[in-house]
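Undergrad: following is a predicted model, sequence given first.
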Amino acid sequence: MDAFIIRGSRALKGKVKVRGAKNAVLPIMAAALLTDERCTIENIPTLRDIVTMGKVLKHLGMAIEDNGNGALVVDSSGLANHIAPYELVRTMRASVLVMGPLLARLGKAKVALPGGCAIGLRPIDIHLKGLEALGAKIKIGRGYVEVSGKKLHGAEIRLSYPSVGATENLIMAAALAGGKTVIDNAAREPEIQDLAKFLRSLGAKIEGEGTSRISIEGVQRLGSATHCVTPDRIEAGTYLAAGAITGGRVTVEGVVEEHLKPVSLKLAEAGVNIEVDGSSITASIPGRMRPLNIRTMPYPGFPTDMQAQFMALMTVTPGISSITETVFENRFMQVAELNRMGADIRIEHNTAIINGVNNLSGAEVMASDLRASAALVLAGLVARGETHISRIYHIDRGYEQIECKLRDLGADIERVKE
Ligand code: UD1
């Protein structure tokens, strides 16, 4: 297994280019199941989660070619299988995103239940309720969920919570259903907007993405398209936080500024100077940082996927900060490890209270989930001495060559085998 060794206390300076958003690529790859024509998806980062999604889709019969330029050419004309087995689904919950498209295209899908997960229970009841409203029959047993329905029909669906995955599954299923579907209390994340854009370029009729009411007028079939994936706002936010925590000056390039607002506004509130220049954002520290109170919320609220990185930042910010996690249960995996590095964090229910300390010190720590691991990297960058982070395969799920990008910014970080 790979590990990172980081020697901290260096201010990061320079520019970093952000790649396509993992959380947009995954549903878009799944959405390509809806058409029997070839599609090209551009701006795809090299990430473990994307490889996993590729394995699931190949298993179903999709042909996937990597054209070597960060683009995938996908072809679902040979779609033959409707079963996503446990050994593939268990490594990545986002595999459930094949359910909507398989149902729409083949009239059936059998997908292993994703099961428990490091950051909480994460059920799929909202997905299933919505698919039922579209006319699907649901059967659960022996660790699998089976959905079937030869003729899906449009419906008015109100989600009990704006689940990102459920909104995506329902948009995909409704794209080929008969008649009009309206999803109320839909998730508004930029990645959903990107999925809708991709589907529209295939010929789908979708309106209202980015708002909490999305309408889809089903069509008979979808065609082909070339789509360039929207930039990864979480990758961008993580590098801005890296600039801030090290007291440096980091520019992220190739971002959509609007998508980063919930993050950049909080950085500004903490005393970070934010400069926007077209599709670039620069974070620098003019003076003392200020503590923050953060509450994670669905977009356009503060993203849960940036919570751990901000917690790392708050560990060395003078004063008392608080972070309340409302999206996931049990998403404070980083706390015990940060405390081992000298942070002062305690948890009260779903709130972490962070008492800023003067310094963190390097330690041996273990990565436990994707964003918690990113927080440990940030802590390692500012800590005195050497930090050793094991199990970094979690980071490779969602950050492309993070050590190379950080080294280009001046960090002392290396990947070692252990
Ligand atoms: C997506 C993102 C993930 C991000 C999350 C919230 C992808 C591949 N992943 O995950 O990085 O952290 O959005 O922004 O895009 N829930 C239910 N029932 C359901 C569905 C969800 O109770 O049927 C709950 C979940 O347990 C969780 C909350 O709703 O507590 C949010 O989940 P959801 O928005 O569905 O997140 P994902 O799509 O899994």
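TA: Ah, there it is.

Undergrad: how about the residues of the stretch 301-418 of the chain by the ligand?
TA: Proximity of the stretch 301-418 of the chain to the ligand (Cβ under 6 Å from any ligand atom) is limited to residues Thr304, Asp305, Val327, Phe328. Bear in mind the C-beta positions are built from the backbone N, C-alpha and C, glycine included.

Undergrad: tell me which element the last one is part of?
TA: With secondary structure defined by DSSP states H and E, Phe328 is part of neither a helix nor a strand.

Undergrad: how many other residues sit next to it?
TA: Number of residues near Phe328 (other Cβ atoms under 10 Å) recorded here: 19.

Undergrad: so what's it scoring on pLDDT?
TA: What the model reports for Phe328 is a pLDDT of 92.

Undergrad: ok, Asp344 next?
TA: 98.

Undergrad: what does the helix or strand of the chain with the lowest mean pLDDT contact?
TA: In the chain, no helix or strand scores lower on mean pLDDT, DSSP states H and E than helix 86-89, which sits at a mean of 89. By Cβ atoms under 8 Å, 6 or more residues apart in numbering, the residues outside helix 86-89 that reach it are Thr52, Lys55, Val56, His59, Ser95, Val96, Val111, Ala112, Leu113, Pro114, Gly143, Tyr144.

Undergrad: so which of the residues you listed is the closest to Pro286?
TA: Set against Pro286, the nearest of those by Cβ to Cβ is Thr52 (41.9 Å).

Undergrad: the closest one: neighbour count?
TA: For Thr52, the neighbour count with other Cβ under 10 Å is 18.

Undergrad: try the one 5 residues further on
TA: Counted with other Cβ under 10 Å, the burial measure for Leu57 works out to 25 neighbours.

Undergrad: so how far is whatever helix or strand it lives in off the chain centroid?
TA: In the assignment (DSSP H and E), Leu57 maps to helix 48-60. Distance, stretch centre to chain centre, for helix 48-60: 16 Å (Cα atoms, centre = their mean, to the nearest Å).

Undergrad: now do it: which elements does it pack against?
TA: Secondary-structure packing of helix 48-60 (3 or more Cβ pairs under 8 Å, 6 or more residues apart in numbering; DSSP states H and E): helix 22-31, strand 63-66, strand 83-84, helix 86-89.

Undergrad: looking at these, which is buried most?
TA: Sort these by mean neighbour count, taking mean count of other Cβ atoms under 10 Å, and helix 22-31 sits at the top with a mean of 27.

Undergrad: give the next helix or strand downstream of that one.
TA: That would be, after helix 22-31 and using DSSP H and E, strand 39-42.

Undergrad: now that next one: buried residues?
TA: Cys39, Thr40, Ile41 (16 or more other Cβ atoms under 10 Å).

Undergrad: stretch 138-148 now?
TA: Neighbour-count burial for stretch 138-148 [16+ other Cβ under 10 Å]: Tyr144, Val145, Glu146, Val147, Ser148.

Undergrad: now intersect those residues with the strands, please.
TA: If you go by DSSP state E, those have Tyr144, Val145, Glu146, Val147, Ser148 in strands.

Undergrad: what's across from the second one in the sheet?
TA: Just to be clear, that refers to Val145. According to DSSP bridges, the residues that bridge with Val145 are Val111, Ile140.

Undergrad: touching, it and Leu128? I think so.
TA: Yes - contact status for Val145 versus Leu128: in contact at 6.8 Å, counting by Cβ atoms under 8 Å.

Undergrad: who touches both of the two?
TA: Common contacts of Val145 and Leu128 (Cβ under 8 Å, 6+ apart): Ile138.

Undergrad: relative to the ligand, which of the buried residues of stretch 138-148 is nearest.
TA: Relative to the ligand, the closest of the buried residues of stretch 138-148 is Val145; by Cβ to the nearest ligand atom it sits at 11.1 Å.
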